[in-house]
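> sequence unknown, structure follows:
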DNA sequence: CTGAAAGCGCTTACAG
DNA sequence: CTGAAAGCGCTTACAG
């Protein structure tokens, strides 16, 4: 817990406001005003000061009340998925003596102004944003204050300067699809998630790559897009099972959707795995207890949370990070929801 | 968000170190040394200063770095159960401008010394402990500093001075059991949780009360105790189903256990609800998607978290709390895992 | 819009 | 052991 010297640029000791003022050719109070977002500073001055702040990686000296905080922001807390990530982040934070401040954005993908202001007041050591995005402005506010940001499963095109953590989604998609191919399936559907989210897109691309490699034609009818909840899988699953030539296997973008497919099958009187094979994605704990236990692609969620936290701590220390994207390995977990296609139904 | 005046002794405005020094007839630096436990102060002076500090209820001025914090402590983060509670606490904290600091005690039920020290340094507005207990010493440390504590689902005999929040567990147990009785069941088992936990005990008592009221004899063989996880329900369920005279219905202490009973039934070739009715407790989101959708007793977990947070905030404001225990209503949610006993198997 | 000056509450040398 | 003084880094009036 020693206050590590961040080896930023040319700095030997921590810069004070006066140091910054000297470099920027202004007075201390002016720098103070810029830092606190007060009015009464010309745009030109503000810009100059901000660029010096950024250049020197200025961080306000830690006062006696300072609480070492790691911010953890979720777009929503609604699935076991979130819980595992929290555990991972919490573990690393605890080891580093950081308190985890948890925020939920009630489904929004970008935190609001009110949150940003409060968060900035907390002067966190770093920010881990899960399945969400900060605006460019918010990112630059963090940068100005030397607060590192790491995104776990980015929802938008990640600006390349923001480091991110995720799983090998593409490989996971390949592994799931190849498993179904190996079992003898040829008519394999995939329930997709919103394609603007890179993790969803990567899983679909993996699915396609595996089919291509196996020289199986890709039928666009077999890749419906729906929300990443049980409802999405249920809706897409019902549609797929009503097709004139229904799939013999369905791969889903997450476990929740797979549960929806289970329900669709139940309603249609289709047995899993005898009539239909299902593969999920995530390996949330309930999958091993679903009926039947689910074959799924495991994401190491706890480790992903821990990795994101470690990354952000390293950045806060000023360590140079060469990789802007870390991907942890996914693993195919084979249980009882997959089997060779039945002679009767398969083509 | 105005800094509320905490109604301490005779204090009008916050005392500074200089104020204390004046009263004690010493200099500021001497008070500073006493406060920071530095050497170089005679025992007599130290004592005099300390008594003045206590008399005036000196609290170090909230520096510019002070963070308004609500501590949320979990014994473990492992079920959807925890997530809903977090949501409720988080919502109230956000409305009050408090940052939620989340701690997990990796399965322990009492936080360790290291945590306590750090928590105290954070000078939180209040502490919400979920399914856990603080030691008497920890409780008194909080009391000395005027930091209120509220326990959600206490794990031990709640010391009556600690306010707690929970659900109407007893009524929930009655409702579940009465539902099964109304369907015609007479041989009704209950998978219990550890009996030292009041919430588990209350559910069992409700079960017994309902059976008593219906003049159904209570068979001790039908109330096995096991852990509150799927494994517990599976183990207890298998044992119950192997009984010479097995139950026609099983009520469980939580949804996870019910899922375990589902699995036990599946393995035994027992159909739900045709051959066996099952009622869970909690109404976690997966229950509506389990096969079949589960009849369960709903606990308003989000509201319970919110209530605990509101209570702790009210206490921090110095409001007098008359009730030391708040119970939110449970509701029976009837789905498809319960049905009248089949003629063939029922007595 | 900007800066010199005073102020914040505490801590740190330093001198006795 | 103790206190007057200087210092900490930042913020706050205030004057221009």
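Received it, and whenever you're ready, just let me know what you need. The shown structure was predicted, so the numbers you read here are calculated from the model rather than taken from an experiment.
> where exactly do the strands run in chain A?
Taking DSSP state E, the strands of chain A run over residues A:69-74, A:99-104, A:126-130, A:149-152, A:164-167, A:188-191, A:249-252, A:277-282, A:295-298, A:325-328, A:331-333.
> Out of those, which is closest to DNA strand D?
Between DNA strand D and those, the shortest separation by CB to the nearest atom of the strand is 17.2 Å, and it involves strand A:69-74. The way it works is simple: take the backbone N, C-alpha and C, and place the C-beta from them, glycine included.
> can the strands of chain A go into TSV with extra columns for distance to residue B:216, mean pLDDT and mean neighbour count?
Listed next are those as TSV, based on distance: least, CB to CB, whole Å; pLDDT from 0 to 100; neighbours: other CB atoms under 10 Å in any protein chain shown:
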stretch	distance to residue B:216	mean pLDDT	mean neighbour count
strand A:69-74	47	94	25
strand A:99-104	45	94	24
strand A:126-130	50	95	27
strand A:149-152	52	94	25
strand A:164-167	52	96	24
strand A:188-191	47	98	29
strand A:249-252	45	98	32
strand A:277-282	42	98	28
strand A:295-298	43	98	26
strand A:325-328	54	94	16
strand A:331-333	44	98	16
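> list the contacts for the nearest residue to residue A:330 once chain neighbours are set aside?
Excluding its sequence neighbours, the residue lying closest to residue A:330 (CB to CB, 6 or more residues apart in numbering or on different chains) is residue A:172, at 3.6 Å. Counting by CB atoms under 8 Å, 6 or more residues apart in numbering or on different chains, residue A:172 makes contact with A:203, A:206, A:281, A:297, A:299, A:330, A:332.
> Including distance to residue B:116, could those residues go into a markdown table?
Formatted as a markdown table, those follow (distance: CB to CB, whole Å):
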| residue | distance to residue B:116 |
| --- | --- |
| A:203 | 44 |
| A:206 | 47 |
| A:281 | 40 |
| A:297 | 41 |
| A:299 | 34 |
| A:330 | 39 |
| A:332 | 44 |
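> Which members of these additionally contact DNA strand D?
Among the contacts of residue A:172, no residue sits close to DNA strand D (CB under 7 Å from any atom of the strand).
> so which of those residues comes closest to residue B:287?
Nearest to residue B:287 among these: residue A:281, at 21.8 Å, using CB to CB.
> From residue A:30, how far off is that closest one?
Residue A:281 sits at a distance of 52 Å from residue A:30 (criterion: CB to CB, to the nearest Å).
> What distance do you get for the residue nearest to residue A:330 to residue A:282?
Distance from residue A:172 to residue A:282, by CB to CB: 10 Å.
> try residue A:79
8 Å.
> Overlap in contacts, the two.
The overlap between the contact sets of residue A:79 and residue A:282 (CB under 8 Å, 6+ apart) consists of residue A:256.
> returning to what we had before: find the residues that touch each one of residue A:172 and residue A:282.
By CB under 8 Å, 6+ apart, residue A:172 and residue A:282 have these common neighbours: A:297, A:299.
> can you pull out the helices in chain A?
Along chain A, counting by DSSP state H, helices occupy A:17-24, A:28-35, A:43-56, A:80-95, A:113-122, A:136-144, A:169-182, A:198-213, A:230-241, A:255-268, A:301-316.
> So which residues on chain A come close to DNA strand D?
A:16-18, A:28-29, A:32-33, A:35-36, A:60-61.
> which of those sit farthest apart?
Maximum pairwise distance among the residues of chain A next to DNA strand D (CB to CB): 17.3 Å, between A:33 and A:61.
> The two - which one has more neighbours?
residue A:33 (18 against 11; other CB atoms under 10 Å in any protein chain shown).
> Wait, the more buried one touches residue A:41, no?
Yes. With contact defined as CB atoms under 8 Å, residue A:33 counts as touching residue A:41 (5.1 Å).
> residues contacting the closest residue to residue A:48 other than its chain neighbours?
Nearest non-adjacent residue to residue A:48, counting by CB to CB, 6+ apart: residue A:24, 5.5 Å away. By CB under 8 Å, 6+ apart, the contact list for residue A:24 reads A:31, A:48-49, A:52.
> swap in residue A:121?
For residue A:121, the contacting residues are residue B:67, by CB under 8 Å, 6+ apart.
> What residues does the stretch 151-300 of chain A have near chain B?
For the stretch 151-300 of chain A, the residues in contact with chain B (CB under 8 Å from any CB of the partner chain) are A:230, A:259-260, A:262-263, A:266, A:285-286, A:289-291.
> Of those, which pair is most distant in space?
Greatest spatial distance among these (CB to CB): A:266 and A:285, at 21.1 Å.
> any weak-confidence spans in chain A?
For chain A, residues meeting the criterion pLDDT under 70 lie at A:1-13, A:62-66, A:158-160, A:343-347.
> Spatially central, which residue of it would that be?
Of all residues in chain A, the one closest to the mean position by CA atoms, centre = their mean is residue A:153, 1.7 Å from it.
> what residues go with each domain of chain A?
A:1-66, A:69-166+A:301-327, A:169-299 (automatic domain parsing).
> Tabulate those domains (TSV), appending distance to residue B:114.
Shown next, in TSV, are the domains of chain A (distance: least, CB to CB, whole Å):
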stretch	distance to residue B:114
domain A:1-66	11
domain A:69-166+A:301-327	9
domain A:169-299	29
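> Of those domains, flag the one that's most buried.
Mean neighbours per residue, mean count of other CB atoms under 10 Å in any protein chain shown, is largest over these for domain A:169-299, with a mean of 21.
> Give me the distance from that domain to the chain's centre.
Centroid separation for domain A:169-299 versus its chain: 21 Å, with CA atoms, centre = their mean, to the nearest Å.
> what do you get for stretch A:290-310?
With CA atoms, centre = their mean as the basis, stretch A:290-310 stands 12 Å off its chain's centre.
> again, but for stretch A:50-70
26 Å.
> so how far is residue A:20 from the residue of the stretch 101-250 of chain A found nearest DNA strand C?
Nearest residue of the stretch 101-250 of chain A to DNA strand C, counting by CB to the nearest atom of the strand: residue A:144, 16.4 Å away. Distance, residue A:144 to residue A:20, using CB to CB: 11 Å.
> any common contacting residues for these two?
With CB under 8 Å, 6+ apart as the test, residue A:144 and residue A:20 both reach residue A:53.
> can you pull the contacts of residue A:96?
Counting by CB under 8 Å, 6+ apart, residue A:96 makes contact with A:1, A:68, A:70, A:309, A:313.
> mind running it again at 7 Å?
residue A:313 (CB atoms under 7 Å, 6 or more residues apart in numbering or on different chains).
> do you know how far it is from residue A:109?
For residue A:96, the distance to residue A:109 - CB to CB - is 28 Å.
> and what of residue A:291?
In this view, residue A:291 and residue A:109 are 34 Å apart by CB to CB.
> Surely residue A:293 and residue A:336 touch.
Yes. Taking contacts as CB atoms under 7 Å, residue A:293 lies within contact range of residue A:336: 4.8 Å.
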